[in-house]
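Enquirer: Let's see this in three dimensions:
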Amino acid sequence: MYRFVLAATLPLILMSNSAFGVERTKVEIQAVHSEKCLDVFEASTDPATDIIQFPCHGGGNQRWTIRDRGNGLHEITVAHSGMCMDVSGAELGNGVHIIQFPCHGGTNQRFLIDELPDQRLQIRSVSSSKCLDIEGGTILDLARLIQFDCHGGTNQRFRFK
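Expert: This is a model prediction of the structure:
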């Protein structure tokens, strides 16, 4: 019976660990606290444009591709511009804006995606170990995506749609 339980549990463990091992294309990333989507402001194709939260509408500036880059690291690109999600200036502090920027493979463009017990996701910057966070925990449109110390708040929880 012990072997049966272990054998039945192992696939669940492997599934949860490998959930992000495959490429996901054109998904919406929704903030749990507001149910709004991560969005490149005004669908701009300019480098260094802020990523904000905005009501989900399915536009290319709200469609993201998550690519496994090995060792648990992920690159997140936006469909309309092909640019990467990026911690602005590779800064390490709290409150630094998350922007779109041409992909260059730096650690400020690599993220760890942790699946939490409630089937929500926490996304952490590899360069700073800080969590992606909707600034101030607001539910208002246009609130910026920033990095901030991980604290477990719902404004640091996301889901893929």
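Enquirer: How about the contacts made by the spatially most central residue of the chain?
Expert: Centroid-nearest residue in the chain: residue 123, 4.8 Å away (criterion: C-alpha atoms, centre = their mean). Neighbour list for residue 123: 111-114, 131-132, 158 [criterion: C-beta atoms under 8 Å, 6 or more residues apart in numbering]. Where C-beta positions appear, they are placed from N, C-alpha and C, glycine not excepted.
Enquirer: Show the model's pLDDT score for it.
Expert: pLDDT for residue 123: 97.
Enquirer: Could you list everything it pairs with in the sheet?
Expert: Applying DSSP bridges to residue 123 gives these bridge partners: residue 113.
Enquirer: one step back: by neighbour count, which of the contacts of residue 123 wins?
Expert: Highest neighbour count within the contacts of residue 123: residue 132, with 28 neighbours (other C-beta atoms under 10 Å).
Enquirer: Just want the phi and psi numbers for that one.
Expert: Dihedral pair for residue 132: phi -70, psi 140, per degrees, to the nearest 10.
Enquirer: residues contacting it?
Expert: Counting by C-beta under 8 Å, 6+ apart, residue 132 touches 98, 111, 123-125, 145-147, 156, 158.
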